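*Asks:* Model the structure of this input:
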Amino acid sequence: MAEQVQAILERMVDPLRDLRDRGIFSEDEIRSIVERRRQSEYLLQKRAARKADFLRYIEQEILLERLRKLRKQKVMQEYRERIRKGRGNDDEDGAMNGQGNKTHAYQTSGPGDAHIVSNIHFLYQRLLKKFHYPLDVILNYADFAREHKSFHVMSRVYAEGLQHHPREEGLWIQAASFEFFGYVAQDDEKSESTKVVGSSVQNARVLMQRGLRINGKTSQELWLQYFALELHYVMKLQGRKEILEMGVSIDRNNAHEDIREDSNDAAVTKISNTMLLPCQIIYKNAIKSIPNSVIFRLRFVEYCRMFPNTAELESDIIASIEHDFGDSVEAWVARISFAEEKMKARGEKETKGDEGESGTKTSGFLVMPSNCESHEQPAAKKARLNTEDAALALLDQAVDAVPSSKMYLECARYLQSRIQRLIDSQLVGRYIQEDGTEDVSYLMLESENVDMAVRRHSDLLKGLYPRADKNGVRSTSLTMDQVDFLVSDVELEKADKLLGHVTAKSDQNVHLFIRWANLSRQIEEKGLVPTLPPTIILRKGLNATPIHNRNSYLLISTELMKQLIAQGHSPKVTKDLKSIFQKLLITSNGIPMRPFVSGRSNNDGQIEDEVGPHLAETFLAYLKYTIPCNKCSHADNEAVRSIYNGVLFQSNFGKVGLGQTNEETLAMKSFFDTCLHFENKVAAADHDLRSKKELKKQKKQRLSRLYQAAIAFFASGTEDSFLRSVLDSYQREFENMKFGF
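*Replies:* Prediction:
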């Protein structure tokens, strides 16, 4: 180990001596550099060398290189100052050679200048080989090579990285980007000797095609970047053509100058189909590899809009989307969402200004080409972007193309979300994104405030529902959505009439009756008179629901029971509740206690979810309703016991507690607790029994039966910590009860 470290340090002697002799580093600083490098090299030579040691060593060398540059600038500045003052040949400034010139102090270059960068390259190469080319190190090494203009090293790094990481699409894109854009000197680096390195479209194409052969079936980004690469190249060729045509036009006769300028402008603003042919081929191959993604195709449209004079190519892409996904609701929704995102991004860009566009990144091909800012073409570019509201225009096309309930429902919910965002921004009191507030200015037209935008969107939404009715499109979900909108717009009477009209038809969903009953109760709470009372509405729903449709029948029955319980005690209500309860017990056999979800297809093939009934909560409410508040009679005893006997012992409803939610389990626990409390404290004594001993025996039997039912119910879910804790509590209470008697 020591011999290897010493050999590496000995190779640094001459460059370090050069840095010392030129006055960039002092003797003590050189000694400190050597000692630090020796310690770092010993860490790297260990058998179990760590990646962090390599990275720390590289970071120290990068900082040292920055210091060397600053020191050299300082030394050269002092030298220029002495030359300016005419004291560059004084004897006290340093040793002279035979011709009277300085030999070291102000030498402009030497082997020490490239020494630190070479050592960093050496460390990166050792790190890559030691740890089998980790991706983060490859990317850092490539950035370092670009920063220090080591372009041959950079090409080798990308090549080795792609050999070890062929599935990393970002690496392919960066390598191809470097080959196409090359390295362009910055403003402070430009000189007569400066030239562009790289800039080979052939090499960039080869890299992108190799990446697509490996990742083409899965990588959307590679296809998109390859598409952008060809668009960049088309813009480059177009720019050259403009320059050549401009030079030719200068030599023309001045008499025909106006005619020639018009023809040249027409030629400039139109790109031939031949030039865009590679882009069209790439797009066709891309959708052949990834055929089922609408968002993927819409991103091609986005890239087209980054370049001027690509309207024809964009229209071809849109035509392919309409042809392949014309009847897909998801495709239209994706297009509408995509259009809104573009509107939002464009609005934010106009708000913030273009201060960030001057410095373009050359990692990838998503940069605006320079000739987009030419004076001949911005009018056509802006005319394509400044549409009124692209998302709403697509929405109008969507309901015409796919007139289904699902499409109308998606469009209605989209408009509702926009209205809600506008209202929220109005409550906050600002339209532009600031302090976490969403920017909604892109939702407003020119010379339009938030109130006007809300009214415009509300009018569109109000016209959407009659439009669906006119086209014969109606579903439960769409009706419920329209009712919710009318209620939010404080048009309760219209919503009441709408539900009455819709539920008058046959084979209607029970959710419509339940929603109508809730709306009727809401109208009554406001002191108004609804079309029908809630109980009558639910009875109509119960009569219209066949009993073989068990889920719907149970749902409407439980809602009717809750509504009757809320009316209070009366002989008629008690009789109705008993009748409905008996039907619930019969119908609920074999139905899981959890509120389940089932699917019902409407005429358009749309699946509408139906949430099952909360039977446990309904039975608990009915049990509490039956237990009298005052003194309990023998008839009350029989009524209460008939309820819990029916639920726990005469049906399959309360047998198993496994798989239930905490809310359902809590409802059943409350049911058991209420039964136990009733038998312990509330139930009236049976006076027909002859002795007190027989009373205790009868009470013990009933309590034991209830405890055993509760233990059996919660024992099925012992894997759940909550059920296990409930089970333990019932077992302890059961033991205490037995010994207490």
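
*Asks:* mind checking the SS state of residue 631?
*Replies:* Judged by DSSP: H, G, I helix; E, B strand; the rest coil, the three-state class of residue 631 is coil.

*Asks:* what's the pLDDT at it?
*Replies:* The per-residue pLDDT reported for residue 631 equals 78.

*Asks:* quick one: the helices in the stretch 301-450 of the chain?
*Replies:* Applying DSSP state H, counting those that start in this stretch to the stretch 301-450 of the chain gives helices spanning 311-325, 329-352, 378-385, 390-401, 405-428, 450-470.

*Asks:* other SSEs contacting the fourth one?
*Replies:* So the one you mean is helix 390-401. If contacts are counted by 3 or more C-beta pairs under 8 Å, 6 or more residues apart in numbering; DSSP states H and E, helix 390-401 sits against helix 329-352, helix 405-428, helix 450-470. Every C-beta, even on glycine, is put in place using the N, C-alpha and C of the backbone.

*Asks:* So which bits of the following helix or strand past the last one are buried?
*Replies:* Spelled out, it's helix 450-470. Remark: after helix 450-470, the chain's next helix or strand is helix 476-488, criterion DSSP states H and E. Residues of helix 476-488 classed as buried: 476, 477, 478, 479, 480, 481, 482, 483, 485, 486, 487 (neighbour count, 16 or more other C-beta atoms under 10 Å).

*Asks:* follow-up on the earlier one: the helices of the stretch 301-450 of the chain: lowest mean pLDDT?
*Replies:* For these, where the average pLDDT is lowest is helix 378-385, sitting at a mean of 36.

*Asks:* quick one on the thing from earlier: closest one of the buried residues of helix 476-488 to residue 290?
*Replies:* Taking C-beta to C-beta as the measure, residue 477 is the one of the buried residues of helix 476-488 closest to residue 290, at 31.5 Å.

*Asks:* In this structure residue 44 contacts residue 54, no?
*Replies:* Yes: counting by C-beta atoms under 8 Å, residue 44 does reach residue 54; the two are 6.4 Å apart.

*Asks:* Spit out the residues that contact those two alike.
*Replies:* residue 126 (C-beta atoms under 8 Å, 6 or more residues apart in numbering).

*Asks:* For the stretch 601-741 of the chain, just list every one of the helices.
*Replies:* Defined through DSSP H, counting those that start in this stretch, the helices belonging to the stretch 601-741 of the chain, from first to last, are 615-626, 634-648, 662-677, 692-715, 721-740.

*Asks:* and of those, who's closest to residue 279?
*Replies:* The stretch from the helices of the stretch 601-741 of the chain with the least distance to residue 279 (C-beta to C-beta) is helix 662-677; that distance is 56.7 Å.

*Asks:* Tell me the helices and strands packed up against that closest one.
*Replies:* Packed against helix 662-677, as judged by 3+ C-beta pairs under 8 Å, 6+ apart, are the following elements: helix 615-626, helix 634-648, helix 692-715, helix 721-740.

*Asks:* And the first one, how far out from the chain middle?
*Replies:* Meaning helix 615-626. Taking the mean C-alpha point of helix 615-626 and that of its whole chain, the gap between them comes to 43 Å (C-alpha atoms, centre = their mean, to the nearest Å).

*Asks:* and what of stretch 35-55?
*Replies:* Here the centre of stretch 35-55 is set off from its chain's centre by 42 Å, with C-alpha atoms, centre = their mean.

*Asks:* cool, and stretch 283-294?
*Replies:* Between the centre of stretch 283-294 and the centre of its host chain there is 22 Å, according to C-alpha atoms, centre = their mean.

*Asks:* In CSV, list the C-alpha atoms belonging to it.
*Replies:* Extracted as CSV, the C-alpha positions of stretch 283-294 are listed here (Å, rounded to 0.1, in the frame of the first residue of the first chain):
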residue,chain,number,x,y,z
TYR,A,283,-44.2,9.9,-34.5
LYS,A,284,-45.7,6.9,-36.4
ASN,A,285,-43.1,4.6,-35.0
ALA,A,286,-43.6,6.0,-31.5
ILE,A,287,-47.3,5.4,-31.5
LYS,A,288,-46.8,1.9,-33.0
SER,A,289,-44.5,1.1,-30.0
ILE,A,290,-46.7,2.8,-27.4
PRO,A,291,-50.2,2.7,-28.9
ASN,A,292,-52.6,3.2,-26.0
SER,A,293,-51.4,6.4,-24.3
VAL,A,294,-53.3,9.6,-25.2
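
*Asks:* Could you list the buried residues of that stretch?
*Replies:* Taking 16+ other C-beta under 10 Å as the neighbour-count basis, stretch 283-294 is seen to contain the buried residues 283, 286, 287, 289, 290, 294.

*Asks:* my read: the fourth one touches residue 220, true?
*Replies:* No: because the distance of 9.3 Å does not satisfy C-beta under 8 Å, residue 289 is recorded as not touching residue 220.

*Asks:* Name the residues of stretch 699-711 that are buried.
*Replies:* Buried residues in stretch 699-711, defined by neighbour count with 16+ other C-beta under 10 Å: 699, 702, 703, 705, 706, 707, 709, 710, 711.

*Asks:* Please disregard the earlier target; I meant stretch 520-540.
*Replies:* By neighbour count with 16+ other C-beta under 10 Å, stretch 520-540 contains the buried residues 520-523, 530-535, 537-540.

*Asks:* ok, so of the residues you listed, who is nearest residue 664?
*Replies:* Using C-beta to C-beta, residue 538 is the member of the buried residues of stretch 520-540 that lies nearest residue 664, at 22.9 Å.

*Asks:* any idea how far residue 279 is from the closest one?
*Replies:* With distances taken as C-beta to C-beta, to the nearest Å, residue 538 is found 62 Å from residue 279.

*Asks:* go on, residue 514?
*Replies:* Residue 514 is 55 Å from residue 279, where distance means C-beta to C-beta.

*Asks:* more crowded one of the two?
*Replies:* residue 279 (25 against 20; other C-beta atoms under 10 Å).

*Asks:* Next one: the residue lying closest to the more buried one once chain neighbours are set aside, what pLDDT does it get?
*Replies:* What sits nearest to residue 279 in space, not counting adjacent residues and going by C-beta to C-beta, 6 or more residues apart in numbering, is residue 230, at 4.8 Å. Residue 230 is assigned a predicted lDDT (pLDDT) of 94.

*Asks:* just checking, residue 445 touches residue 388?
*Replies:* Yes: counting by C-beta under 8 Å, residue 388 is a contact partner of residue 445 at 6.2 Å.

*Asks:* List of residues touching stretch 219-231?
*Replies:* 169-170, 172-173, 176-177, 180, 201, 204-205, 208-209, 211-212, 215-216, 278-279, 282-283, 285-286, 289-290, 293, 296, 299-300, 303-304, 306-307, 310, 364-366, 369.

*Asks:* Narrow those residues to those that are buried.
*Replies:* 169-170, 172-173, 176-177, 180, 201, 204-205, 208, 211-212, 215-216, 278-279, 282-283, 286, 289-290, 296, 299-300, 303-304, 306-307, 310, 364-366, 369.

*Asks:* Give me the distance between residue 405 and residue 484.
*Replies:* If you go by C-beta to C-beta, the gap between residue 405 and residue 484 works out to 15 Å.

*Asks:* just to revisit the earlier point, and of the helices and strands packed on helix 390-401, who's closest to residue 628?
*Replies:* The closest of those to residue 628 is helix 405-428. By C-beta to C-beta, the value is 47.9 Å.
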